[in-house]
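Participant: predicted model, plus sequence, below.
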Amino acid sequence: MLRKVLLVVSFVLSLTTGLPDGAPPDTCPIHTLPYQVVASSNVYGPGATIHVTISGGDVFRGFFIQARDAQTNEWIGEWQHSANTQTIPECSAITHADPKDKVQATLIWQAPSNKQGQVYFT
């Protein structure tokens, strides 16, 4: 019985809570991004493809990129599946599919067949 009580007490004492009002301002990064996201274009026509390259000075292991319409901010288009990637069509996103070090990733986005406009990648 004493073991159970000690176990419950140690469990209760080990619980942690997050900051009640969110993270404080001093958690904001003061550095620049360790990578760049460069698109071959930010203007698209029906069915057009745009190459998006992620690169940086250091290696990175993961990424998550979304395509958004510049006017409406809505998710738009779809990504072509490529080696070591996983597409997420529900939100027009693409992500890494392995934890290996990467120095660059080139991805291909395809515009909807019935729209034209401007796109940005985030």
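Facilitator: The structure has been received and is ready for your questions. Numbers count the residues shown, from 1 in each chain.
Participant: is the residue nearest the centre of the chain in a bridge, and if so with what?
Facilitator: Central residue of the chain (CA atoms, centre = their mean): residue 64, 2.4 Å from the mean position. For residue 64, the beta-bridge partners under DSSP bridges are residue 95.
Participant: now do the contacts for it.
Facilitator: Contact partners of residue 64, counting by CB atoms under 8 Å, 6 or more residues apart in numbering, are 93, 94, 95, 96. (C-beta placed from N, C-alpha, C; glycine too.)
Participant: excluding chain neighbours, what is closest to the second one?
Facilitator: On the basis of CB to CB, 6 or more residues apart in numbering, the spatially nearest residue to residue 94 that is not a chain neighbour turns out to be residue 79, at 4.0 Å.
Participant: got it, and the last one?
Facilitator: The shortest distance from residue 96 to any non-neighbouring residue, by CB to CB, 6+ apart, is to residue 62 (4.6 Å).
Participant: give me every residue that touches the one you found.
Facilitator: Per CB under 8 Å, 6+ apart, neighbours of residue 62: 95, 96, 99.
Participant: contacting residues for the first one?
Facilitator: If I follow you right, that is residue 95. Residue 95 touches 62, 63, 64, 65, 85, 86, 88, counting by CB under 8 Å, 6+ apart.
Participant: go again with 10 Å.
Facilitator: Neighbour list for residue 95: 62, 63, 64, 65, 66, 79, 85, 86, 87, 88 [criterion: CB atoms under 10 Å, 6 or more residues apart in numbering].
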